[in-house]
Structure formats: structure tokens, C-alpha cells
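here is the input, now give the coordinates:
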Amino acid sequence: MRRKSPRRGRLADYVAEVLKNAVYETGEQLDVIVAEAPDLPGCLTQGATIEEARENLVDAIEVWLLSGLRGGEDPPVVNGCRLAITAAPRRPKDGQSRPRIKA
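Model (predicted):
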């Protein structure tokens, strides 16, 4: 039997899959809602309401992903979805950005 490979998804698709598994709990000591993305270790945040906690979690997911990508890590497959990654434009060796349009 052949194993099905994960589907490639855009950032919005991937974040939506991570949010499907999100966990929301009331804070133990503060009056907040804690939001966690268990598929992404250490990815958690909080908000005054569940809506705010969810919005903050979307931001936290994006930061978690960018941090890992910059570190050369591949994001985990979540609910059969793999983040579609394309190569970033390369910077010149001197580190200076070049204008794309000449005046």
C-alpha cells in the first residue's frame, strides 16, 4: 500500500491547519485566555478574550515559522499539510540591497 504524501499549502492554509488543533484555556493566575499551538512546540500566547487570543496566536504562529525557517528548519507537517516554501531571493555578497529599477 502506498503512503499518501502531504499536500503543500500556502501560509494561510498551513496556519488554518495549525489553528484546527489549537488549545484555549483560562489563565491560572491572571484573567486571560491562553492560546497554544501544540503542533509547534513552544508556540503560545494570550489575550483578554478568546478572539484576541486567537488573533495573537496567528501572529505567534507566523513568528514561530519565520524563526524556524531563518534557522534552516523545516516546519512540521500538520493535518497532512506541508508549508510550501520557495527559495528567497539571494542578497548580493556585499550585503547591500540593489535597486530593482534604475532611474
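
shaky segments in this protein?
Applying pLDDT under 70 to the chain picks out residues 1-3, 87-103.

quick one: the helices in it?
Using DSSP state H, the helices of the chain run over 11-20, 50-70.

buried ones in the shortest one?
Meaning helix 11-20. 14-15, 17-19 (16 or more other C-beta atoms under 10 Å). Placement of C-beta: from N, CA and C, glycine included.

please name every helix or strand in contact with that helix.
For helix 11-20, the packing partners by 3 or more C-beta pairs under 8 Å, 6 or more residues apart in numbering; DSSP states H and E come out as helix 50-70, strand 81-83.

deepest of the ones you listed, which one?
Among those, strand 81-83 has the highest mean neighbour count (mean count of other C-beta atoms under 10 Å), at a mean of 20.

give me the contacts around that strand.
For strand 81-83, the surrounding residues in contact (C-beta atoms under 8 Å, 6 or more residues apart in numbering) are 6-9, 11, 13-14, 17, 65, 75.

redo that, cut-off 6 Å
With C-beta atoms under 6 Å, 6 or more residues apart in numbering as the contact definition, strand 81-83 has outside contacts at 6-9, 14, 17, 75.
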